[in-house]
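**Q** Pasting the sequence and the predicted coordinates here, then a few questions.
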Amino acid sequence: MINSVLQINETAINESFESTNNIFDQFRLFTSSVFSQIFEGITMMLENFLK
């Protein structure tokens with residue numbers, strides 16, 4: 001009985017970690033995309049300014 005409960009909790013914990021890692025991966029991709037867009041915009045403004 002105890003082993004069964006521990007197994008369920010371990011599975012729930014593993015699924016929770018997978019979900020959390022997925023959220024962090026999505027956040028990392030999102031911030032990387034936003035940074036790239038901001039950097040691209042700054043580059044375009046600087047190119048126009050230096051013409």
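**A** That came through fine.
**Q** Asn9 versus Ser16, what's the distance?
**A** 10 Å (CB to CB, to the nearest Å). C-betas here are computed from N, CA, C, even on glycine.
**Q** residues shared between the contacts of those two?
**A** Common neighbours of Ser16 and Asn9, using CB atoms under 8 Å, 6 or more residues apart in numbering, do not exist here.
**Q** Point out where this structure drops to low pLDDT.
**A** 1-8 (pLDDT under 70).
**Q** Burial check on Asn21, number of neighbours?
**A** Residues within reach of Asn21, counting by other CB atoms under 10 Å, total 10.
**Q** now swap in Phe27 and tell me
**A** Using other CB under 10 Å, Phe27 has 10 other residues around it.
**Q** Secondary structure element holding it?
**A** For Phe27, the host element (DSSP states H and E) is helix 2-50.
**Q** how far out from the middle of the chain is that helix?
**A** 0 Å (CA atoms, centre = their mean, to the nearest Å).
**Q** for stretch 38-51, same thing?
**A** How far stretch 38-51 lies from its chain's middle: 28 Å, per CA atoms, centre = their mean.
**Q** Kindly export that stretch (C-alpha atoms) in CSV.
**A** Taking Å, rounded to 0.1, in the frame of the first residue of the first chain, the C-alpha atoms of stretch 38-51 are listed here in CSV:
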residue,chain,number,x,y,z
ILE,A,38,14.1,44.3,-30.2
PHE,A,39,17.7,44.0,-31.4
GLU,A,40,16.6,43.9,-35.0
GLY,A,41,14.5,47.1,-34.5
ILE,A,42,17.5,48.9,-32.8
THR,A,43,19.8,47.8,-35.7
MET,A,44,17.3,49.1,-38.3
MET,A,45,17.0,52.5,-36.4
LEU,A,46,20.8,52.8,-36.2
GLU,A,47,21.2,51.9,-39.8
ASN,A,48,18.7,54.7,-40.7
PHE,A,49,20.3,57.1,-38.3
LEU,A,50,23.8,56.5,-39.8
LYS,A,51,22.8,57.0,-43.4
